[in-house]
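Visitor: my questions are about this predicted structure, shown below with the sequence.
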Amino acid sequence: MNFEFSEDQMFLKEQANKFLSEKCDLTVNRKVLEGDEPFDKNLWQAVVEMGWTGTTIPEEYGGLGLGHLELCVIAEELGRALAPIPFSSSVYLATEALMIAGSEEQKQEYLPKLAAGELIGTFAMAEGVGQPLPGNIAVTLKDGKLSGDKLPVPDGDIADFAVVVARTADGDAEDVLSLALVDLTGAGVTRETVKTLDPSRSQAKVSFADAPATLLGAEGEGWAMARKTLDRAAVLMAFEQIGGADRCLEMAKDYALERYAFGRLIGSYQALKHKMADMYIKNVLARSNSYYGAWALSTDAPELALAAATARVSAIDAFHFASKENIQIHGGMGYTWEVDCHLFYRRSKNLGLALGADRVWKDRLVAQLEQRNVA
C-alpha cells in the first residue's frame, strides 16, 4: 500500500507553500493578533481566488471537484504559515457537514457560496467545558426555532451561518439529536467574542433565542452525522498541526545553528540535540498517522473513525511538544513577544481544543480499538 502523495498533489503542495510564503509570512499573523480585525480579509480573499475554499466541493456546485488528499496538502501549508483565516471552520467543518447531510436544495444554496467565499460557515457543537455527549446537549430545536447557547464556536463571531447540533427530543440517547442550519446574521442570534490564548483564530459564544432554523439531514441522525463531520475534520486539522510542528522544528534547528554560547554553537550541545530528535520523532509519528487518516478519508474506508482518532491524538501531541520545545531551545529570547515562538504555541493550544480536547479523542481511539477487537 502506497501512502505517498502523487506528483500532482506534491506539486499543489509546493505551489501552496510558495503562495503562502509570499502572501502570509508571520507578520500577517501578528497583525491580526495585535489588531482589532478577527482575521486577515486580504489573505482570505486571495485563498478564495486560488479556489482552495472549494477544493472538495463538486464542480456542479461551483467547486474544484478535487479530493480530500488535495485538501490535506493545502491544510499542511496553511498550518505551516499560521494563516489567520477561518479556513478550518468553514471548509473542514461547515462544508463537510453540508456534503454529508445536506439535501440537494441545501447543497445548491450553500456550496456555491462557500466555494466562492461569499459565505463563511462554522460548526457549533460544544456547550462549555466537558466532553460533548448526547445527554449534555441543551440547545433545542422545536417547530423550526433554535434556543440555547453554544460555547465556544470557532469563528462564530464572523461566520454567516452555522451547522448546530441541537436536541429535538427528550432523553440521553443519540437519536434525540439533529443538525440544524441557522443564519447567524438573522433574528434571535447574539454573538460575543471570547478571549482566548490565540486571538488570530477567534472563538465566540453564540446564543439563540427562538432563532429560525432548518433541519440538516434527517431528524434524530444529528449525532452520527456530527461524528462523521468531526472525523473528517480531525484528519484535515492533523495536517494543519503537523505543518505547524514541522515549522517549529525548522525554527529550532536554524536558531541552534546560528546561536553561540560559551564559544560554541548551541546546536553542538547534546541536550539540545536530544530535544530536536524528540521533536522529529513525534512529528514523523504524527505524519505517519495522518497519512493513514488521509487514506481512510479519501477512500471513505471503514477505518476512518479509528484513523481519525489516531491522527488527532498524535498531531495534538506533536504540535504542542514542538511549539513548547521551540521556545526552550530559543532560551530567554523565546519567551519574548518579539520572537515568533509564541505564535506557534498559541496556535497549538487553539487547534488542540478546536474539535474536542485530546482526552476526548483518546477515549474515542480506545473505543474504536475495543470495537475492532470484538469484531
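Guide: All right, it came through fine. Numbers count the residues shown, from 1 in each chain.
Visitor: ok, and the closest non-adjacent residue to Glu240?
Guide: Nearest in space to Glu240, with sequence neighbours left out and distances taken as C-beta to C-beta, 6 or more residues apart in numbering, is Gly79 at 3.4 Å. C-beta: built from backbone N, CA, C; applies to glycine.
Visitor: helices along the stretch 251-375 of the chain, start to end?
Guide: Counting by DSSP state H, counting those that start in this stretch, the stretch 251-375 of the chain has these helices, from start to end: 270-299, 304-330, 341-354, 358-374.
Visitor: low pLDDT regions in the stretch 101-250 of the chain?
Guide: Along the stretch 101-250 of the chain, the parts satisfying pLDDT under 70 run over 130-131.
Visitor: where do the helices sit along it?
Guide: Ranges of helices within the stretch 101-250 of the chain are 104-115, 222-256, based on DSSP H, counting those that start in this stretch.
Visitor: next one: the shortest one to chain centre, how far?
Guide: Right, the one you point to is helix 104-115. The chain centroid and the centroid of helix 104-115 are separated by 21 Å under C-alpha atoms, centre = their mean, to the nearest Å.
Visitor: now do the buried residues in that helix.
Guide: In terms of neighbour count (16 or more other C-beta atoms under 10 Å), helix 104-115 has its buried residues at 106-107, 110-115.
Visitor: same check, this time on the longest one
Guide: Of the residues in helix 222-256, those with enough neighbours to count as buried (16+ other C-beta under 10 Å) are 222-226, 228-249, 251-253, 255-256.
Visitor: kindly report the same for stretch 198-211.
Guide: Burial within stretch 198-211, assessed by neighbour count using 16+ other C-beta under 10 Å, is assigned to 198-208, 211.
Visitor: picking up where we left off before, can I get the buried residues of helix 104-115 in JSON lines including distance to Ala124?
Guide: Shown next, in JSON lines, are those (distance: C-beta to C-beta, whole Å):
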{"residue": "Gln106", "distance to Ala124": "17"}
{"residue": "Lys107", "distance to Ala124": "20"}
{"residue": "Tyr110", "distance to Ala124": "16"}
{"residue": "Leu111", "distance to Ala124": "19"}
{"residue": "Pro112", "distance to Ala124": "23"}
{"residue": "Lys113", "distance to Ala124": "19"}
{"residue": "Leu114", "distance to Ala124": "16"}
{"residue": "Ala115", "distance to Ala124": "22"}
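Visitor: need the max-distance pair from the residues you listed.
Guide: Within the buried residues of helix 104-115, Gln106 and Ala115 form the most distant pair, 14.4 Å apart (C-beta to C-beta).
Visitor: show me what contacts Gly135?
Guide: Gly135 sits next to 171-172 when contact means C-beta atoms under 8 Å, 6 or more residues apart in numbering.
Visitor: what about the helices of the stretch 101-250 of the chain, which gets the closest to Asn17?
Guide: Proximity of those to Asn17 was assessed by C-beta to C-beta; the nearest stretch is helix 222-256, lying at 9.5 Å.
Visitor: and that closest one, what does it pack onto?
Guide: Contacts defined by 3 or more C-beta pairs under 8 Å, 6 or more residues apart in numbering; DSSP states H and E place helix 222-256 against helix 68-81, helix 96-101, strand 161-167, strand 177-183, helix 270-299, helix 304-330, helix 341-354.
Visitor: contacting residues around the shortest one?
Guide: The one in question is helix 96-101. Residues outside helix 96-101 that contact it (C-beta under 8 Å, 6+ apart) are 56-57, 106-107, 110-111, 114, 121, 123, 163, 179, 216-217, 221, 225-226, 228-229, 232-233.
Visitor: and that helix, how far from the chain's centre?
Guide: The gap between where helix 96-101 is centred and where its chain is centred comes out at 16 Å by C-alpha atoms, centre = their mean.
Visitor: got the contact list for Leu181?
Guide: Going by C-beta under 8 Å, 6+ apart, Leu181 touches 106, 110, 161-164, 213-216.
Visitor: going by distance to Tyr260, which of these wins?
Guide: Ala162 (52.1 Å).
Visitor: thought that closest one was touching Phe123?
Guide: Yes - using C-beta atoms under 8 Å as the test, Ala162 is close enough to Phe123 to be in contact (6.9 Å).
Visitor: residues shared between the contacts of those two?
Guide: Jointly contacting Ala162 and Phe123 under the rule C-beta under 8 Å, 6+ apart are 94, 153.
Visitor: name every strand pairing with the top strand by length along the chain and say which way it goes.
Guide: Using DSSP state E to assign secondary structure, the strand with the most residues in the chain is strand 203-216. Within its sheet, strand 203-216 is paired with strand 145-154 (antiparallel), strand 177-183 (antiparallel), strand 189-194 (antiparallel), according to DSSP bridges.
Visitor: identify whichever of those lies nearest to Arg287.
Guide: If you check each of the strands paired with strand 203-216 against Arg287 by C-beta to C-beta, strand 145-154 wins as the nearest, at 24.1 Å.
Visitor: now the closest one, how far from the centre of its chain.
Guide: On the basis of C-alpha atoms, centre = their mean, strand 145-154 is displaced by 19 Å from the centre of the chain it belongs to.
Visitor: and if you look at stretch 368-375?
Guide: Here the centre of mass of C-alpha atoms in stretch 368-375, compared against the chain's by C-alpha atoms, centre = their mean, lies 27 Å away.
Visitor: which of the residues in that stretch are buried?
Guide: Residues of stretch 368-375 classed as buried under the neighbour-count rule (16+ other C-beta under 10 Å) are Gln368.
Visitor: before we move on, the earlier item: out of the helices and strands packed on helix 222-256, which comes closest to Val139?
Guide: In terms of C-beta to C-beta, the element of the helices and strands packed on helix 222-256 nearest to Val139 is strand 161-167, at 4.8 Å.
Visitor: got the CA coordinates for the closest one in CSV?
Guide: Listed in CSV are the C-alpha atoms of strand 161-167, where the atom choice follows Å, rounded to 0.1, in the frame of the first residue of the first chain:
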residue,chain,number,x,y,z
PHE,A,161,-24.2,30.6,9.2
ALA,A,162,-23.7,27.7,11.5
VAL,A,163,-24.4,24.0,11.5
VAL,A,164,-25.7,23.4,15.0
VAL,A,165,-26.0,20.1,17.0
ALA,A,166,-29.4,20.5,18.7
ARG,A,167,-31.8,18.5,20.8
